[in-house]
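1. structure here, sequence nowhere to be found:
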């Protein structure tokens, strides 16, 4: 759908980094006027809901520099060049948690912040995850602590805002909806 | 919680725009090494789930330049300087839809993309919204079409990915959860 399309008149790359690219576009609006749009380009990401055989959810706690605090989140990671989301799921799950999933199932996808960013989040669930003997290491600059929580414990974390991000809040409501069925 | 805190050694503002500010920080990691963090600063936003007296949900369709397509979303908007989220809800609902809400109720809040952005989304529900006779106009560069949909129609839009963003997907699952209670 291209309703109310905004045609690009001029585009300028302000910054091209490791995680984000910032671009400022001059656009022609539907009424003929012009405006500026600040656009964050991002490779996209996956989030994984890993469930152990004893029905615990595996979370990771890590420091989030933009917030200057740590959050408890489902494991997640950025798509590498040319990587299919399902590959990213297996890779990030191993690197961040040391767990392996046999066949992750797709839950949903959503743009995290379509007003200024093109980041899309693919959400998967991985049941019966199992520890890997010698898991691949993650990034050098990632410091992560694992937590295995019941759904009730996770809901408590959400109340305390230790869990407080879109993909993880969504994951918890999704797991609740499964319980109700 | 400051677990695995990353201390800022140096911070540089790359761009300070209307919607986003891009900052690149050099940080000291917990192991003593250093790394770079790309941080998007954002004022925060609200999303509103407006329900009419005849039980329709009010959505807005608009062009999202970062995606180069239009999306159907719940009404939303950025917090203005010093504005309480509940004020933003009433203002944005009026500007984007021409509807008024008497007392919006808080649903949840979440960081949209804590890996690189500090944007927080406050989600509210507004029941029994009513049309305003002379609503305040929105931004000059916003072109918006209203849609009033039943929950079933909204779920169909989600299947077709015309609805495809974190706050709106969350809103729909939330409304579904209320129906199940």
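-> It's in. All of these numbers come straight from a predicted model, not from anything done at the bench.
2. got the domain ranges for chain A?
-> Here the domain assignment for chain A is A:7-41, A:45-180, based on automatic domain parsing.
3. in chain A, which spans are strands?
-> Assignment of strands within chain A using DSSP state E yields the ranges A:7-16, A:21-28, A:34-41, A:45-52, A:57-64, A:69-73, A:76-78, A:99-100, A:105-111, A:120-131, A:144-149.
4. quick check: which of those strands is buried the most?
-> The highest mean neighbour count among the strands of chain A belongs to strand A:45-52 (a mean of 24), with neighbours defined as mean count of other Cβ atoms under 10 Å in any protein chain shown. Every C-beta, even on glycine, is put in place using the N, C-alpha and C of the backbone.
5. from chain B, how far off is residue A:61?
-> 6 Å (Cβ to the nearest Cβ, to the nearest Å).
6. please name the residues that touch residue A:41.
-> Shown in contact with residue A:41 (Cβ atoms under 8 Å, 6 or more residues apart in numbering or on different chains): A:20-23, A:117-118, B:66.
7. go with 7 Å
-> Taking Cβ atoms under 7 Å, 6 or more residues apart in numbering or on different chains as the definition of contact, the neighbours of residue A:41 are A:20-21, A:23, A:118.
8. same thing with residue A:63?
-> A:70, A:143, B:3-6.
9. in CSV: these, plus pLDDT.
-> As requested, those are arranged in CSV below (pLDDT from 0 to 100):
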residue, pLDDT
A:70, 98
A:143, 94
B:3, 89
B:4, 95
B:5, 96
B:6, 97
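10. any idea which of the residues you listed is closest to residue A:163?
-> Using Cβ to Cβ, residue A:70 is the member of these that sits closest to residue A:163, with 11.3 Å.
11. does the closest one have beta-bridge partners, and which?
-> When assigned by DSSP bridges, residue A:70 has beta-bridge partners residue A:63.
12. repeat for residue A:36
-> In this structure, residue A:36 bridges to residue A:26 when assessed by DSSP bridges.
13. my read is that it contacts residue A:26, right?
-> Yes: counting by Cβ atoms under 7 Å, residue A:26 is a contact partner of residue A:36 at 6.0 Å.
14. just to revisit the earlier point, the contacts of residue A:63: which two are farthest apart?
-> B:3 and B:6 (10.7 Å).
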